[in-house]
Structures are given as structure tokens and as C-alpha cells.
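K.L.:
Okay, sequence plus prediction incoming.
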Amino acid sequence: MVTTQYNAPLTRAQAQQIDFHLVPGVANRLVAEMALRDVSQHHQVHYLSQITGRALQTVARWIDPDKPGMPDLRSLALLSIQFGVDANWLLGLSAHRTPLRNDLLPAPLAKQLHVKRAPQGDWLGPLLEQSSPYLDQSVATMLGHDMAPLIVDGSPFFFDASVKRVESNGIYYLQYRGQKIVRHIEIRIGEGFLLRCENSQCEPTTVADISSAPDLRLLGRVTLAINACRL
């Protein structure tokens with residue numbers, strides 16, 4: 001039987017070859033949605049459990065960095081509603097983030113959700129488009145004003161955790177005596193490494209070798225920050 005006679009665009013063989021990049025695409029988009037809501041990496045599993053009602057072990061599989069699993073259909077619908085985004089975006093069937101059309105929801109469902117008037121415009125879409133190349137990286141939250149105004153307090157930022165050595169000048173994420181910090185790092189020939197804040201009120205520090213400095217550990221290189229400037 002030829003399926004195309006019923007207006008199906010793909011044959012059986014073609015359908016078997018389609019790769020939707022559901023893995024890790026769905027997981028990356030879930031992480032991106034949470035990053036835009038300032039959900040720290042430590043709280044992502046609890047957050048997904050809260051907004052879907054699923055068990056912690058279940059939602060943890062959705063964003064597992066090694067072998068992410070897929071949300072079931074009910075959970076996917078809830079994620080679409082809770083994030084206010086079209087399910088096509090979460091599945092990767094849309095190249096652009098499209099808001100969920102509350103006005104198109106069936107009346108019984110809209111009544112259950114107590115749908116409010118949708119905000120004008122999709123301000124998350126452009127942000128998510130800019131961050132899409134970094135969705136496979138780790139996410140953290142800026143604490144304090146050390147890097148203001150470049151990275152303001154409370155802003156989520158992406159960092160490449162695979163970077164374990166400072167081989168070029170840049171902004172890096174570090175841990176010092178259990179405290180997470182972000183610093184500009186400049187290589188100074190004959191001196192070592194200069195660590196400085198963006199905030200001019202902070203004093204710069206020079207260390208001979210970051211890899212051997214006591215209590216100092218490199219967590220990765222910062223690649224993108226998403227700032228919300230309060231006016």
C-alpha cells in the first residue's frame with residue numbers, strides 16, 4: 001500500500017529515516033526556558049517536578065546530561081502551558097519560539113487554567129534565539145555586584161564547563177573556598193594571571209598559576225549572560 005495516495009508527505013521508508021533531534025533538543029530547550037526564568041541548575045529538577053506534578057526521578061531524566069529522556073504527552077502539554085510556549089517549539093518543530101495561544105485553547109481547558117490575558121509580544125523569543133548556540137552548556141546565576149554592569153546581580157549566564165585551563169583572556173567562572181565567583185582573567189607575561197572584577201570598587205588580584213593556587217578552582221569560561229536591567 002502506498003501511503004502517499006492518502007496525502008501523507010513521506011513514504012514509510014522516509015519516515016523511518018527522519019531525525020527530529022528530539023534528544024537532546026527537548027532537554028536543551030527545557031533548560032533554556034528555566035534559565036530565562038532564573039532557575040538555578042541546582043533547582044531545575046525540583047522546579048520541573050513542581051510545574052508538572054511528576055516525581056523527581058521522572059523529571060530528572062528529561063534533562064539528564066548524558067541520556068536525556070522524553071516527557072510523556074501529558075507532561076509535554078503541561079510544560080507548554082507552564083512555560084507559555086507552543087509545544088512545537090519544545091519538540092523542535094518550529095525554528096522560532098512561539099508563545100502559546102491562550103485564545104485558541106478549548107473552552108473547558110481554558111476554564112480550568114483561569115487563563116489571563118496574554119502579554120503583548122514575545123520578548124522571550126529573541127532572547128532564546130540569541131542563546132540557542134549555548135544551550136548545551138552549563139547555566140549558573142550571578143550573585144553579587146562584582147561584574148556589574150556587564151553581568152548584573154541575579155542574571156543567569158552560560159559557561160563552558162569543558163574549559164579547564166586559562167589559555168586566553170576572558171571571563172571565567174571560578175570557585176574560591178567554596179564560593180562561586182566570576183572574574184575577568186588576563187594573562188600577564190612574567191607575572192601570571194590577573195583576576196579582576198568589572199566593578200571598579202573591587203581590587204584586582206594576581207596569581208602565579210591558577211591551576212596550583214590554593215582553594216581556587218576553575219569551573220569554566222563564561223560565554224553568554226542574560227541581563228534584566230531594573231530601571
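P.N.:
Cool, got the structure.

K.L.:
Check which helices and strands the biggest helix by length in the chain sits against.
P.N.:
The residue-count maximum for a helix in the chain (DSSP state H) belongs to helix 22-36. Under the contact criterion of 3 or more C-beta pairs under 8 Å, 6 or more residues apart in numbering; DSSP states H and E, helix 22-36 touches helix 44-52, helix 56-62, helix 87-91, helix 124-131, strand 138-141, strand 156-160. C-beta: built from backbone N, CA, C; applies to glycine.

K.L.:
Report the buried residues of it.
P.N.:
24, 26-36 (16 or more other C-beta atoms under 10 Å).

K.L.:
Between strand 156-160 and it, find me the angle.
P.N.:
Here the directions of helix 22-36 and strand 156-160 differ by 140 degrees (axes from the mean of the first three to the mean of the last three C-alpha atoms, to 10 degrees).

K.L.:
quick one: contacts of helix 22-36?
P.N.:
44, 47-48, 62-64, 68, 70-71, 79, 83, 85, 89-92, 124, 127-128, 131-132, 135-136, 139, 156, 158, 226 (C-beta atoms under 8 Å, 6 or more residues apart in numbering).

K.L.:
now the angle between helix 124-131 and it, please.
P.N.:
Going by the same axes, to 10 degrees, helix 22-36 makes 120 degrees with helix 124-131.

K.L.:
on that earlier part again, filter the contacts of helix 22-36 to the buried ones?
P.N.:
Buried by 16+ other C-beta under 10 Å: 44, 47-48, 62-63, 68, 71, 79, 83, 85, 89-91, 124, 127-128, 131, 135, 139, 156, 158, 226, out of the contacts of helix 22-36.

K.L.:
phi, psi of residue 219?
P.N.:
Here is the backbone geometry of residue 219 (degrees, to the nearest 10): phi -100, psi -20.

K.L.:
Check which helix or strand the closest residue to it other than its chain neighbours maps to.
P.N.:
Excluding its sequence neighbours, the residue lying closest to residue 219 (C-beta to C-beta, 6 or more residues apart in numbering) is residue 173, at 4.4 Å. Secondary-structure assignment from DSSP states H and E places residue 173 in strand 170-176.

K.L.:
and after that strand, which helix or strand comes next?
P.N.:
strand 179-188.

K.L.:
Give me the helices and strands touching that following strand, please.
P.N.:
In terms of contacts (3+ C-beta pairs under 8 Å, 6+ apart), strand 179-188 is packed against strand 170-176, strand 192-196.

K.L.:
what's in contact with stretch 211-224?
P.N.:
For stretch 211-224, contacts defined as C-beta under 8 Å, 6+ apart pick out 130-131, 134, 137-138, 151, 157-166, 170-177, 180, 182, 207, 210.

K.L.:
which of the residues in it are buried?
P.N.:
If you call a residue buried by 16+ other C-beta under 10 Å, then stretch 211-224 has these buried ones: 213, 216, 218-224.

K.L.:
And the average pLDDT for that stretch is what?
P.N.:
The predicted model gives stretch 211-224 an average pLDDT of 90.

K.L.:
As CSV, could you dump the C-alpha coordinates of it?
P.N.:
Written as CSV, here are the backbone C-alpha positions of stretch 211-224 (Å, rounded to 0.1, in the frame of the first residue of the first chain):
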residue,chain,number,x,y,z
SER,A,211,45.8,25.5,38.5
SER,A,212,48.0,25.4,41.5
ALA,A,213,46.6,28.2,43.5
PRO,A,214,45.3,27.0,46.9
ASP,A,215,41.5,26.9,47.3
LEU,A,216,40.9,28.2,43.7
ARG,A,217,39.3,26.0,41.1
LEU,A,218,38.3,26.9,37.5
LEU,A,219,34.7,25.9,36.7
GLY,A,220,34.6,27.1,33.1
ARG,A,221,34.6,30.1,30.7
VAL,A,222,31.6,32.4,30.7
THR,A,223,30.1,32.6,27.2
LEU,A,224,26.8,34.5,27.5
